[in-house]
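**Student:** Sharing a model that was predicted from the sequence below.
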2 protein chains.
Amino acid sequence: MPIYNAPTKDLQFVLHDLLKVSEQDIPGFSDLDRDFTAAVLEEAGKVSTEVLAPLNVVGDTEGCVLENGVVRTPTGFKEAFDQMREGGWTALDAAEQYGGQGLPYVMHTAVNEPFVSANMAFNMYQGLTHGAYSAILEHGSDAQKDLYLPKLASCEWTGTMNLTEPHCGTDLGLMRTKAVPQDDGTYKISGQKIFISAGDHDISDNVIHLVLAKIPGGPDGIKGVSLFIVPKILHDDDGKLGARNGVSVGKIEEKMGIHGNSTCVMNYDEAEGYLIGEEHKGMRAMFVMMNEARLGVGLQGYAQAEAAYQNAVAYANDRLQGRAVTGAENPDGPADPLIVHPDIRRNLMDQKSFVEGARALTFWGAYLIDRAHKNNDAEADGLISLLTPVIKGFQTDKGFEYAVAAQQVYGGHGYIEEWGMSQFARDARIAMIYEGANGVQALDLVGRKLAQDGGKHVMAFFDMIKTFIKENDGNEALKADFLEPLKAASKDLQAAGMYFMQNGMKNPNNALAGSYDFMHMMGHVCLGLMWARMAKAAMEALEDGASDKEFYETKIATGRYYMQRQLPATAMHLARINTGADTVMALEAAAF
Amino acid sequence: MPIYNAPTKDLQFVLHDLLKVSEQDIPGFSDLDRDFTAAVLEEAGKVSTEVLAPLNVVGDTEGCVLENGVVRTPTGFKEAFDQMREGGWTALDAAEQYGGQGLPYVMHTAVNEPFVSANMAFNMYQGLTHGAYSAILEHGSDAQKDLYLPKLASCEWTGTMNLTEPHCGTDLGLMRTKAVPQDDGTYKISGQKIFISAGDHDISDNVIHLVLAKIPGGPDGIKGVSLFIVPKILHDDDGKLGARNGVSVGKIEEKMGIHGNSTCVMNYDEAEGYLIGEEHKGMRAMFVMMNEARLGVGLQGYAQAEAAYQNAVAYANDRLQGRAVTGAENPDGPADPLIVHPDIRRNLMDQKSFVEGARALTFWGAYLIDRAHKNNDAEADGLISLLTPVIKGFQTDKGFEYAVAAQQVYGGHGYIEEWGMSQFARDARIAMIYEGANGVQALDLVGRKLAQDGGKHVMAFFDMIKTFIKENDGNEALKADFLEPLKAASKDLQAAGMYFMQNGMKNPNNALAGSYDFMHMMGHVCLGLMWARMAKAAMEALEDGASDKEFYETKIATGRYYMQRQLPATAMHLARINTGADTVMALEAAAF
């Protein structure tokens, strides 16, 4: 069975050495000292290793089953979910007035990583609930908040998001589900929603569906969409459960992975629903949650790669095959372990340097969300808005790629389900698709975010890199290995932005044909920036006489690898972007 | 259900416009005129679409089942296999004296593509048999040939390859299966073999296992390995079946994909076996088949991408979502088809330009194998030996990558098994692993093939590119779009070779740390060369007044895309290679 151990030291490194969270002037951050976060993360790690990881293969093998209209989750899921609830893990960053612990979002994110690495399908039940909590917190009435938030924070009730319909995913303006206003102020919701994660199950007392639907007579397209609360079981104002609502499971989808999560077709048949916020302003309510949700999916990408990496390392140390070309390293054994071979190292270093860079970027993103919300910081808000498609798109593409690379270390055994490496790849695959497929992320980045507020945020991003390089100009230890590659990569990214400005006016396809490359390029620049900062932080720790010398030296060596071996990708992406749309759009549709 | 239609026109284009097979001075090639190959390929396409493709999902869903020691294949497999046998499809390139049709290997390859695209798991039953046929043809005694070859050619009996054991895959010197000589000249084989594709099943009368084993007292390691024929059911000299041999199925592996093929653990318990060739020369016998087997796997890579691509194109034309940024293209419909979006185009062009380039490279490889065998052409033999790891490693990596990319076009539906896109990705995944994992291909390329015969073959490869560029120097239509990118990419590849020479002496890790990048780089150069040649062939066809103008123009446009958008990868690979082994090998094994 696959192993998993939370990388607590690495989580702590990002929180404290890199982000210095406890020194930040953000409400609640001063509580996040090293000892406190260590205690929380160690406990979360224990739960991950002991409770969640052992259920990962169980969830994949058993899957969820629909029997007589009731969804049964895999063996052990209910008990584990109760343990999560009782341990307070589901309410870590919920407001204290709703029964939460009021911790910052960055802390929720740090704790979430081991949960997701250990069992992604399982963790989605609380992940979706977290999203529903945020939507109601942001847009619900006081009565809705008082009723639903405590139950969602504790996961006594869980939540779902209902956007997609059979004929529309990205293009929600085509939506057909309708909401007919009733005299008592409620609505009757009718229609079919698909791909509803955690749509129904047996691990909570009620399911609160957040459903996008159109009120007849409203504006056409996306502007006529409203957001509703539709409980699976109706309840009174105190939350006492009553009759079943008009919502049922059509079927459970057979998926490539995340079998432990029940992905349902949900049928709404005059189900009772309650408007959240204003009529026809449903998309606005959804968009507010998107930075968080997409950051969470970006985390899934690298968290699956982390779990797969840990197993690949163990296998590479254990499996004896061939001899080191520079001379036997295990002369008494029949062969050397795989890890002596340079190409195995290359593969493991690719994985390691990506995962650690992506972790830093994700935590930084979570920190920016905290700063934006808690300090009303418009700059932080603009920056995270810019970075969100990169975190989601780049990290899930790469996360999948490296889960596949980790599987490759196992040779033939990687293809056999029993070893568990296939599951990491299959589970990671969904993250490239949901919460906006990665092509849509690229479109969002290049088509919306670059030009947002007059291009202010991307300018600020470039300035931040420039400033960092300038401030550290005299640092010889950083210069050649970190600052110069970062400068070159950032220059490539700016050149691509310039190409879009000069050629996108003439024909917007010239920009959009390069959007995917731009997203990846920016991902590399972001990770390059993270590695330069992490290397600096590690060097400072060493200068300060840190006891764990080897840990910090490994950080620097891993960063050096990323700068040397990964950042050169930016030049390739720029070369592709600079060819514009001509060859991309050359063919008639019929010629494909 | 997924669609599949054989791309007969494209297959014909490679055979005739590019390779001009019927004009080649190779025995049997003059028969391959356009009409003949068209008739064969159209018939093969029909079988693929009507018989094999409909069973692809069936095979994936039902899988193979072991019941009371007997393996049951999915519904319909036996009937389809009989149809393949009766149609003569399994004996296309077998010698006429053994009941085959004696066609060149290049023709077998061209026919094989639609079979593999339509149903990879199914086609492996005959693929493995083809391998066993070749091994016995090359190394068996006359009596063995007369007995086994007709039955293998007709697939009345099928074949397997038994190399891997639980503790050794790549490093076969660690093998434990033993073969004890008996007084009657036979051997008693005992041991366990794993990952045996088509190891047992119910679609043929007998299974002929080719088994690697060690004769006690022989040389240590790989030099003490011999090759044996071990029939599932014993038989007399006329092939009349008798008692069961001492070989049984331990279990069927649960795999990520190719569920339709029975991947077995095979237990040998004093099974009767017959030596092929000489004692202790088993690896040599295996290696002879490797160019063919690896080329076949390289074909699986792009053939799965082709099948996935066809479906992605259909979906992109069908699914209405969003509007073209340059103005509605389907103004009467609720939205435009996906294919109007530049990033969808980019994705489809990536797939298309890879598949068509890989097809050309694979057919050219098969043609080189014919030339090497039938004309005893040492240069062709050296060249295909050099190209084999590239065809296998590069094409299966990319084939999987593009099967995943095709799945992405479907958005959420791509993740649902019902739509069939997940299967293409899951099936394609194995090709990166078996017949030598791709890291081993890269090692073979850089560690062995580059220096083989004093580097003669790689020099010949570079000369061939140089000559092509020189010969077409005055061709303005080719120059900027094809010759210049090819020249630049080839220069990068040579620079990488130079780096290996200069730095690999000092420390071989400097070469091996870049082996994977080199393999990919060389893959791009090979496809660049193929596209330059295909563009030239298409231009010539247009000049000659070809009736299907659009087909040839599409070829040129697709090639232009590859040169512009894919060849820039070589510079990235070179940059990575030029950093040597320092950062790759920097960490202690314990620091991972």
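**Tutor:** Nice, thanks for sending it over.
**Student:** What helix or strand is A:E379 located in?
**Tutor:** Taking DSSP states H and E as the definition, A:E379 sits inside helix A:378-409.
**Student:** Give me the buried positions along that helix.
**Tutor:** Going by neighbour count (16 or more other Cβ atoms under 10 Å in any protein chain shown), the buried part of helix A:378-409 is A:380-409. Every residue, glycine included, has its C-beta placed from N, CA and C.
**Student:** number of nearby residues for the nearest residue to A:Q408 once chain neighbours are set aside?
**Tutor:** Distance criterion Cβ to Cβ, 6 or more residues apart in numbering or on different chains; nearest residue to A:Q408, sequence neighbours excluded, is A:G414 at 6.1 Å. Applying other Cβ atoms under 10 Å in any protein chain shown, we find 28 residues neighbouring A:G414.
**Student:** again, but for the one 5 residues further on
**Tutor:** Each residue near A:W419 was counted by other Cβ under 10 Å, and the total is 18.
**Student:** Report the secondary structure element holding the closest residue to A:L234 other than its chain neighbours.
**Tutor:** Once flanking residues are discounted, A:L234 sits nearest to A:G242: 4.6 Å by Cβ to Cβ, 6+ apart. Under the criterion of DSSP H and E, A:G242 resides in strand A:241-244.
**Student:** Quickly run through the sheet partners of the very next helix or strand once past that strand, with directions.
**Tutor:** Next in sequence after strand A:241-244, counting helices and strands by DSSP H and E, comes strand A:247-252. Within its sheet, strand A:247-252 is paired with strand A:263-276 (antiparallel), according to DSSP bridges.
**Student:** near chain B, anything from the helix or strand following the partner strand?
**Tutor:** Per DSSP H and E, the first helix or strand lying C-terminal to strand A:263-276 is helix A:282-318. Yes. Judged by Cβ under 8 Å from any Cβ of the partner chain, helix A:282-318 comes into contact with chain B at A:313, A:316-317.
**Student:** Which one of the residues you listed is nearest to chain B?
**Tutor:** Chain B has its nearest neighbour among the residues of helix A:282-318 next to chain B in A:V313, at 4.5 Å by Cβ to the nearest Cβ.
**Student:** neighbours around that closest one, how many?
**Tutor:** Neighbours of A:V313 under the rule other Cβ under 10 Å: 23.
**Student:** Skip the chain neighbours and tell me the closest residue to it.
**Tutor:** Leaving out its chain neighbours, the residue that sits closest to A:V313 by Cβ to Cβ, 6+ apart is B:F592, at 4.5 Å.
**Student:** quick one, what contacts the one you found?
**Tutor:** Going by Cβ atoms under 8 Å, 6 or more residues apart in numbering or on different chains, B:F592 touches A:313, A:316-317, A:339, A:348, A:352.
**Student:** Same question for A:H139.
**Tutor:** With contact set as Cβ under 8 Å, 6+ apart, A:H139 has these partners: A:227, A:276-277, A:285, A:288.
**Student:** got the residues of the stretch 351-500 of chain A near chain B?
**Tutor:** Within reach of chain B by Cβ under 8 Å from any Cβ, the stretch 351-500 of chain A has these residues: A:352, A:400, A:404, A:407-408, A:411-412, A:414-418, A:422, A:425-426, A:429-430, A:432-434, A:437-439, A:442-443, A:447.
**Student:** Give me the buried entries from those residues.
**Tutor:** Buried members of those, counted by 16+ other Cβ under 10 Å: A:352, A:400, A:404, A:407-408, A:411-412, A:414-417, A:422, A:425-426, A:429-430, A:432-434, A:437-439, A:442-443, A:447.
**Student:** Now do the helices in the stretch 401-550 of chain A.
**Tutor:** With DSSP state H, counting those that start in this stretch, the ranges of helices along the stretch 401-550 of chain A come out as A:421-431, A:438-443, A:452-471, A:476-478, A:484-504, A:509-512, A:515-543, A:549-565.
**Student:** What I need now is those helices written out in CSV, including distance to B:D31 and mean pLDDT for each item.
**Tutor:** Formatted as CSV, the helices of the stretch 401-550 of chain A follow (distance: least, Cβ to Cβ, whole Å; pLDDT from 0 to 100):
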stretch, distance to B:D31, mean pLDDT
helix A:421-431, 45, 98
helix A:438-443, 47, 98
helix A:452-471, 63, 97
helix A:476-478, 68, 96
helix A:484-504, 52, 97
helix A:509-512, 48, 97
helix A:515-543, 46, 98
helix A:549-565, 50, 98
